[in-house]
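Asker: I'll drop the sequence and a predicted model, then ask my questions.
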Amino acid sequence: MDPAALIPVPDAIPVHWGWLQFFLHLTLFCHILLMNVTVGTACIAMVGYLRGRGASTPCTELVSRTLPFTIAFTVNFGVAPLLFVQALYGHFLYTSSILMAVSWLAVVGLLIVAYALAYVYKNLYARLGRGRPFIAALMVLLLLTVAFFFVNNFTLMQTPANWSRYFAHPHGLLLNLADPMLVPRFLHFMVGAVAIGGLAIALWFHWRRSRGDQTADHWLRHGCRWFSFATIVNVAIGLWFLAALPQGMLRPATTTGWLFLLCLAGGGVLAVAAVLFGLTNRILPALACTLATLALMLWARGLLRAALLSPWFSMEQLPLTPAATPLFFFLFMLAAGLTLIAWMLHFTFRSWAGREELP
C-alpha cells in the first residue's frame with residue numbers, strides 16, 4: 001500500500017505557519033526544560049536512595065519538596081506546544097495517536113498516578129522511612145513510561161511508511177519499536193534530563209551557599225558531577241542517534257541539511273564548554289551554555305522532522321484561512337499566564353526561603 005494514501009488532508013491554519021513554528025519552539029523549550037528538571041531530579045533521588053540504602057539526604061529531601069511543583073508545571077507547559085504541533089502536523093499526529101491509542105490514552109492515567117505519588121512523597125517524607133526508595137522508583141518508572149510513549153508517538157508520526165503495520169495490529173497497540181531511531185532518541189532525552197536535573201540541584205545549593213549554608217558546597221559538587229558525566233554520556237548517545245538516521249537524510253547541499261549540521265556543531269561546542277564549566281563547579285556559565293545548547297538542539301529537532309516528512313509534506317502545503325484574532329488572544333493569555341506564574345514562583349520561593357531561615 002502507498003503510505004501517502006493513509007495521510008489525511010491537513011486542516012487550514014489561521015496565520016502564516018512561521019508564527020506557529022516560532023511559538024512551537026518557544027513553548028517546547030519551556031516544557032522540555034521543566035520535564036528535564038522533573039525526570040532528572042527524580043532519577044537522581046532514586047539513585048541516591050539505592051546508593052545510600054534508603055537514607056535521607058538534603059538532596060533527596062529537596063527533590064521530595066519540589067516534585068509536585070515541577071510535575072504540575074511540566075504538564076501545564078506541555079499543553080501549548082502540543083496544540084501548536086497539532087496545528088502544523090495534526091494530520092500526522094492524530095493518525096499516529098490513533099494507531100497507538102491504548103498507550104497514548106494511558107498517558108493521562110500514568111501522569112495522574114505519578115502526580116499523586118509526588119504528593120505522597122512530599123507530605124509523608126518523614127514517615128515513609130524505608131518506603132521512600134519504593135515511592136521514588138515507582139514515580140521514575142511511571143515518568144519514563146510516559147516519556148517512552150511520547151517518543152513512540154512523535155517518531156511514528158514522522159514515519160508514515162510504518163503506518164501500514166496497523167493492518168497487522170489493528171487494536172490500538174501499535175508501537176514504533178522497529179524504528180532504529182526510537183531507542184537512541186528516547187535515551188537522548190532521558191539522559192539529557194538527568195544532566196539538567198543535576199544542574200538544577202547544583203543551582204539550588206549554589207543559592208543556599210550564597211546565603212551562608214556551609215553544607216551546601218558538597219551537594220553543589222554532587223549536582224555538578226551528575227550534570228557533567230550525564231552530558232558526556234549523552235553526547236555518545238547523540239552520535240548513536242545520528243548514526244540511526246536514514247542514510248542521506250540530511251545532506252549539507254540542502255538548506256535544511258546545512259542548518260541541521262550548523263545546529264549540531266554549535267550545540268557540540270556549547271556542550272563541551274558546559275561540561276568543562278560543570279567539572280569546575282562554575283554553575284552560571286554551565287547554565288548559560290546548557291540553555292543555548294537546548295535551544296539549538298530543539299531547532300535541530302524541528303529541522304529533522306521537516307526532513308523526515310519531506311517526502312510526504314511541506315509547510316507550504318498547509319491551507320491558510322487568515323484570522324489573526326486567535327493569535328492575539330493566545331498572546332494575551334500567554335502574557336497573563338506568565339505574569340501569574342512569575343508571581344506564584346516568587347511567592348513560593350519566598351515561602352521556602354523563609355522556612356530555610358527558621359532556627
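Answerer: Thanks, I have the structure now.

Asker: quick one, domains of this protein?
Answerer: 7-177, 180-312 (automatic domain parsing).

Asker: Quick check: mean pLDDT of the shortest one?
Answerer: For domain 180-312, mean pLDDT is 91.

Asker: Repeat that for stretch 144-153.
Answerer: On average, stretch 144-153 scores 96.

Asker: who touches that stretch?
Answerer: Residues from elsewhere that reach stretch 144-153, judged by Cβ atoms under 8 Å, 6 or more residues apart in numbering: 35, 39, 93, 96-97, 100, 103-104, 106-107, 110-111, 114, 175-177, 182, 185-186, 189-190. Glycine gets a C-beta too; all of them are placed from N, C-alpha and C.

Asker: Export the domains of the chain to JSON lines and append columns for mean neighbour count and distance to residue 340.
Answerer: Shown next, in JSON lines, are those (neighbours: other Cβ atoms under 10 Å; distance: least, Cβ to Cβ, whole Å):
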{"stretch": "domain 7-177", "mean neighbour count": "18", "distance to residue 340": "11"}
{"stretch": "domain 180-312", "mean neighbour count": "18", "distance to residue 340": "22"}
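
Asker: Out of those domains, which is closest to residue 335?
Answerer: domain 7-177 (12.7 Å; Cβ to Cβ).

Asker: Any idea how far apart the tips of that closest one sit?
Answerer: End-to-end distance for domain 7-177: 21 Å, by Cα to Cα, to the nearest Å.

Asker: same deal with stretch 212-219?
Answerer: Using Cα to Cα, the two ends of stretch 212-219 sit 14 Å apart.

Asker: picking that back up, any chance of the domains of the chain in a markdown table, with distance to residue 325 too?
Answerer: A markdown table is the format used below for the domains of the chain (distance: least, Cβ to Cβ, whole Å):
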| stretch | distance to residue 325 |
| --- | --- |
| domain 7-177 | 8 |
| domain 180-312 | 26 |
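
Asker: Show residues contacting stretch 120-132.
Answerer: With Cβ under 8 Å, 6+ apart as the criterion, stretch 120-132 contacts 49, 54, 56, 60, 61, 64, 65, 67, 68, 135, 136, 139.

Asker: Oh, that last question was meant for stretch 297-308, not what I typed.
Answerer: 21, 24-25, 28-29, 32, 89, 158-159, 245-246, 249-250, 256-257, 259-260, 263-264, 267, 314-315.

Asker: at 6 Å instead, please
Answerer: Residues from elsewhere that reach stretch 297-308 (Cβ atoms under 6 Å, 6 or more residues apart in numbering): 25, 28, 29, 158, 249, 250, 256, 259, 260, 263, 264, 267.

Asker: Closest one of those residues to residue 82?
Answerer: Comparing those against residue 82 with Cβ to Cβ picks out residue 28 as the nearest, at 9.1 Å.

Asker: can you pull out the helices in the stretch 1-150 of the chain?
Answerer: Under the criterion DSSP state H, counting those that start in this stretch, helices of the stretch 1-150 of the chain are mapped to 17-51, 58-99, 101-123, 125-128, 132-156.

Asker: residue closest to the middle of the chain?
Answerer: residue 32 (3.1 Å; Cα atoms, centre = their mean).

Asker: And it, how far from residue 40?
Answerer: 11 Å (Cβ to Cβ, to the nearest Å).

Asker: cool, residue 100 as well?
Answerer: Counting by Cβ to Cβ - residue 100 and residue 40 are separated by 26 Å.
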